[in-house]
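> No letters, just coordinates:
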């Protein structure tokens, strides 16, 4: 039924649940997984925590390195789960200011037939200001999407 599953990851606990669910589904249907992490573009206001002092602004280079390192850690987690289950997996990191639109585009371009992702289930005023990547994906794709809470 499913042959190619897109699994976005951001390191959250709901993302972890989605990763585990995607691996189980992929194993059941002998599907492959594309694990993706979307990095926000550099902003001069990006901050690094420093021991005992106020956060310092990051340079473009430092931001890129930190973002790539974090993406690598998150994607290795999905990769390890998939490999333990003998599932083919591709790791992908993209930079985009609109995470939802990026995920819709990746799912389309990679011919994914299922998206499995987490949602923190924000409500009310928090959702208005923070938004919901899951809602953006659901509104923008015709690919079946499983949302894990």
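All right, it came through fine. Since this is a predicted model, take the numbers as computed values, not measurements. Numbering: from 1, shown residues only.
> Go through stretch 98-113 and flag the buried ones.
Buried residues in stretch 98-113, counted by 16 or more other Cβ atoms under 10 Å: 99-100, 102-104, 106-107, 112-113. Yep, even glycine has a C-beta here, placed from its N, CA and C like the rest.
> just those now: which is nearest residue 2?
Distance to residue 2, by Cβ to Cβ, is smallest for residue 113 among those, at 5.4 Å.
> which ones are touching that closest one?
Residues in contact with residue 113, defined by Cβ atoms under 8 Å, 6 or more residues apart in numbering, are 2-5, 143-144.
> Repeat that for residue 72.
Per Cβ under 8 Å, 6+ apart, neighbours of residue 72: residue 93.
> pLDDT score assigned to it?
Residue 72 carries a pLDDT score of 97 in this model.
> what does residue 43 give?
For residue 43, pLDDT reads 86.
> Could you do residue 18 as well?
Reported pLDDT for residue 18: 97.
> helix or strand right after the lowest-mean-pLDDT helix or strand in the chain?
In the chain, no helix or strand scores lower on mean pLDDT, DSSP states H and E than helix 124-130, which sits at a mean of 49. Following helix 124-130 in sequence order, the next helix or strand is helix 133-140 (DSSP states H and E).
> ok, residues contacting that next one?
With Cβ under 8 Å, 6+ apart as the test, helix 133-140 has contacts from 8, 98-101, 103-104, 107, 115, 117-119, 145, 147.
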